Structure formats: C-alpha cells, structure tokens
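>>> Give me coordinates for this.
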Amino acid sequence: MSARKKPRTARAVAANQGVQREYAKRLQAVLRAVVRDAFLELKDAAKLAGMAQDADEPSPIAEQAQRFVHERFAEAQARWLVKAGMRAKEVSRWYCRQLYRTTTAAQKKALIAAGMNKAVLDDRWTIPVLGRQHISASAAKHLDADIKANTELITKMAARDLGRLQDLLSESASRGVSFSEMEGLLRASEGFDEARAKRVALDQTNKLNQQIQRDNARDLGITKCIWVHVPGKYTSRHTHMAMNGKTFDVNEGLFDSDVGRNVLPGELPMCRCQSRLCLPEELFND
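Got it, this is the predicted structure:
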C-alpha cells in the first residue's frame, strides 16, 4: 500500500499591521472626542449658570453645581451616545472594508505561491470590496455584520467612558476639584486610552483576519486547516501551544480544555494564532 500523500498547504497569513495601527488611532480619537465634547459641554453650561469660572481662575464645584452637572449629564447622555455611534460607524466601515481587502489580497498571494490556479480564485471570489480586490460570497455575507458588531463595540466603549467621566465629576465635586483640575486628570489618562485602543485593535484584527480567510476558503472547497501557534507578547495559552501543527475542520476548530469547547484561531481574547490552509489537488495548476 502506498504512503498517504501529504496535503499541500499555503503559508499562514498575518493581519495587516498598517490597518491595525490606523484602526487603533481612529478608535482612540473617537473615544477621546466623546469624553472631551461631553466634558466641555458640561463645563460651558456650568459657566453660563455661574457655577464655574474660567480655567485660569478655577473655583470648587459646590453641591448646587454637582446637582446641576448630573442633571445635565442625564439629559445629554443619549445624545452623546448617538453621536458616538455615528463616529463609530464611520471608523468601523473603513476598518472592516480595509481589513477584508488587505487580508484577501495577502491570502490570494499565499495561495498562488503555493501553486493554486489563479483562474479558480477569479472564478470563486467575485464580490468587489474596495477597488479591484474581490472576496468570496461567504465573506461578503459577514461584512455588514462585522461593521455592525464593531460599531456596537466602539459605542459600548464610549458608554463606559462616559460612565467613568460621570464618576470623575461626582468624585471631584465631593473633593472640591475645579473643572480645570479635572481637565488635567483627563489628559493624564490618555496613556491608558492609547494602550487600550492598541489592545482592542490587536484583538479584533486577529479575530477578523482569521474569519475572513476561513470564509474565503469555504468558497474554494477548502475544509481543512493546520493550526499555527503564535505566542503572545508576554505569555501563551498552553492549550494552543499543544494545538500547533494539528489539522482541524474549518467549521469546527479544535477542543480547548481551558474553555471546555472547540475554538478557532484568533477566536479567544488576544489569541494571535493563525492557520495554514490544506489545499485540495484540484485547485492546483499541475
């Protein structure tokens, strides 16, 4: 009996780092703008009501001012979140479309380098996304849902940030802190905001990168992948280290005992793992 032929595979494709970095910047800008605009609106309203002075002549927030600020906050919060949602949708639309384009372009190069017939790709990836790049019908079905999910993620982050602003206002009022001093506290938090945006961008980009490739693969008739463990910056999941090199079904993934279910590369928070596609022989030129 002849030995079983080892399947040919395409190289693993990492997410586009340029898109990831730009997404982090745009995400951070949206969240900062939400908090900044809300704070300045409250500050201006308090000044008009005679409850706060200019930044160069700060005065403590009295109990009356505290009540005023919280009432205004409750009245304006829904309006602020609607505006945040509009900004979030703009960022999400740009981000998802760019990631679909760059991921598919890189995946196409990897498949052709592995020997796949380009005509097959042109025949099965037919949905245009940004310029001349085409994605599979399966991937296209997820694009709008991904834009919506990312919009909701950013909007929820904005809501949490507004909640932290409200806590800061309450705490500052109880301690007699002026608006100008609060501005300093908000500026001091910008380092945290930047680090958080980078973490979210890394997590979401890895997740979407792998999902897009799996969707594209399905329309090529590819059903199997090989797990590629990519270590984290500081640590790695021991279960994912053990998965390295194992073959899995593109729809099922591998069992992760830490979470008690099957998972796919990039699915769990901050998972950087990737996959190599196992390519059916009919997809090749020879």
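>>> can you list the weak-confidence ranges in this protein?
Scanning the chain for pLDDT under 70 picks out 1-5, 46-66, 68, 173-177, 190-192, 283, 285-286.
>>> Please give the element, helix or strand, for the residue most central in space within it.
Centroid check for the chain by C-alpha atoms, centre = their mean gives Q204 as the closest residue, at 3.2 Å. Assigned by DSSP states H and E, Q204 falls within helix 190-218.
>>> Just to be sure, L268 is in a strand?
No - assignment of L268 by DSSP: H, G, I helix; E, B strand; the rest coil gives coil, placing it outside any strand.
>>> and the residue lying closest to it once chain neighbours are set aside, how many residues sit next to it?
Excluding the flanking residues, the one nearest L268 by C-beta to C-beta, 6 or more residues apart in numbering is V259, at 6.9 Å. Just so you know, the C-beta spots here come from the backbone N, C-alpha and C atoms, and that holds for glycine as well. V259 has 12 neighbours, counted by other C-beta atoms under 10 Å.
>>> Phi and psi next, for V259.
When read as degrees, to the nearest 10, the backbone of V259 gives phi -110, psi -10.
>>> what about R261, distance to L254?
As for R261, its distance to L254 is 10 Å (criterion: C-beta to C-beta, to the nearest Å).
>>> So which of the two has more stuff around it?
Higher neighbour count among R261 and L254: L254, with 19 against 9, using other C-beta under 10 Å.
>>> Helix, strand, or coil at that one?
L254 ends up strand, using three-state DSSP.
>>> thinking again about what came up before, for the helix holding Q204, packing partners?
helix 17-48, helix 63-113, strand 134-135, helix 137-175, strand 274-279 (3 or more C-beta pairs under 8 Å, 6 or more residues apart in numbering; DSSP states H and E).
>>> right, and those - which one's nearest R8?
Nearest to R8, of all the helices and strands packed on helix 190-218, is strand 274-279, at 5.0 Å by C-beta to C-beta.
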